[in-house]
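Enquirer: Dropping the sequence and predicted coords here.
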Amino acid sequence: MLIALIGLALLLIFILVAIRVGVNKEREPEKAEQPVIHHSGIYSIVRKSPRENIGAHKPSMDELRKYLASQNVDIQGKAISAPEKERMAERWQTDLEKSLTIIEEGDKKGTQFYYYDYAGNDPVCQDSVPKGSFVTREQIFHYPNLIPPFHVGCRCSIKIYQGDENLRDTRVFGFKPLISENKLPHLPEWKKILVSA
Ligand SMILES: [Zn+2]
């Protein structure tokens with residue numbers, strides 16, 4: 001009798017758990033269908049700060065320091081001293097922070113276009129990311145690796161395009177799209193070290 005009762009209780013518990021699992025399963029798709037894009041349209045998504053997931057596209061400071069510790073010369077064969085390595089790692093962080101802040105500021109203004117500029121000679125990037133080439137905010141959203149710095153010692157920076165013209169339509173002199181036919185150019189590998197002159 002006791003065994004039968006225990007068996008019955010176990011069966012009841014099993015049924016309850018099964019019902020619970022079934023209910024949860026039914027609820028799941030509902031959760032997934034929750035609209036991600038809110039009433040303000042595509043830009044509420046596009047304008048999500050890239051800061052949150054930039055770590056998936058750029059090396060961390062730890063990774064950077066570890067890599068630099070293992071390197072003795074830059075791409076031009078110039079020797080790198082220990083203090084220089086630390087300076088480059090810190091500059092990476094400062095420059096990345098600068099880029100992220102520029103994009104966040106642009107989002108407050110509703111900026112759609114950004115262009116690339118150089119603070120000095122940068123043989124690593126200048127061919128793949130020409131000075132004055134532009135990207136849209138949407139492209140930055142899809143490809144966060146378009147955010148400089150691209151490599152250690154990179155001199156490239158991103159700037160807000162302030163003009164009124166739609167760069168896509170008018171091809172303003174000196175500005176060319178970086179991405180044509182949705183094909184991302186080959187961006188430099190972050191491991192390419194360029195010591196400042
Ligand atoms: Zn560069």
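Expert: Good, I have the coordinates.
Enquirer: which bits of this protein sit near the ion?
Expert: Taking C-beta under 5 Å from the ion as the contact definition, the chain meets the ion at 122, 124-125, 150, 154, 156. Placement of C-beta: from N, CA and C, glycine included.
Enquirer: run the last query once more with 6 Å
Expert: Counting by C-beta under 6 Å from the ion, the chain comes close to the ion at 122, 124-125, 150-151, 154-156.
Enquirer: Just put those residues in JSON lines and tack on pLDDT and neighbour count.
Expert: Formatted as JSON lines, the residues of the chain next to the ion follow (pLDDT from 0 to 100; neighbours: other C-beta atoms under 10 Å):
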{"residue": "122", "pLDDT": "95", "neighbour count": "21"}
{"residue": "124", "pLDDT": "95", "neighbour count": "22"}
{"residue": "125", "pLDDT": "95", "neighbour count": "22"}
{"residue": "150", "pLDDT": "98", "neighbour count": "23"}
{"residue": "151", "pLDDT": "97", "neighbour count": "20"}
{"residue": "154", "pLDDT": "97", "neighbour count": "25"}
{"residue": "155", "pLDDT": "96", "neighbour count": "21"}
{"residue": "156", "pLDDT": "97", "neighbour count": "23"}
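Enquirer: among the residues you listed, which are in helices?
Expert: Using DSSP state H, no member of the residues of the chain next to the ion falls in helices.
Enquirer: Now, those residues that are in strands?
Expert: Counting by DSSP state E, the part of the residues of the chain next to the ion found in strands is residue 156.
Enquirer: How about the secondary structure of the nearest residue to residue 191 once chain neighbours are set aside?
Expert: Spatial nearest neighbour of residue 191, excluding adjacent residues (C-beta to C-beta, 6 or more residues apart in numbering): residue 67 at 6.3 Å. Recorded secondary structure, residue 67: helix (DSSP: H, G, I helix; E, B strand; the rest coil).
Enquirer: What separation do you get for residue 67 and the ion?
Expert: Applying C-beta to the ion, to the nearest Å, the value for residue 67 to the ion is 16 Å.
Enquirer: Neighbours of that residue, how many?
Expert: 16 (other C-beta atoms under 10 Å).
Enquirer: list the contacts for it?
Expert: Listed by C-beta atoms under 8 Å, 6 or more residues apart in numbering, the contact partners of residue 67 are 59, 152, 191.
Enquirer: For the residues you listed, pick the one with the most neighbours.
Expert: residue 152 (27 neighbours).
Enquirer: residues in contact with it?
Expert: Per C-beta under 8 Å, 6+ apart, neighbours of residue 152: 64, 67-68, 88-89, 92, 190-194.
Enquirer: Are any of those buried, and if so which?
Expert: 64, 67-68, 88-89, 92, 190, 192-194 (16 or more other C-beta atoms under 10 Å).
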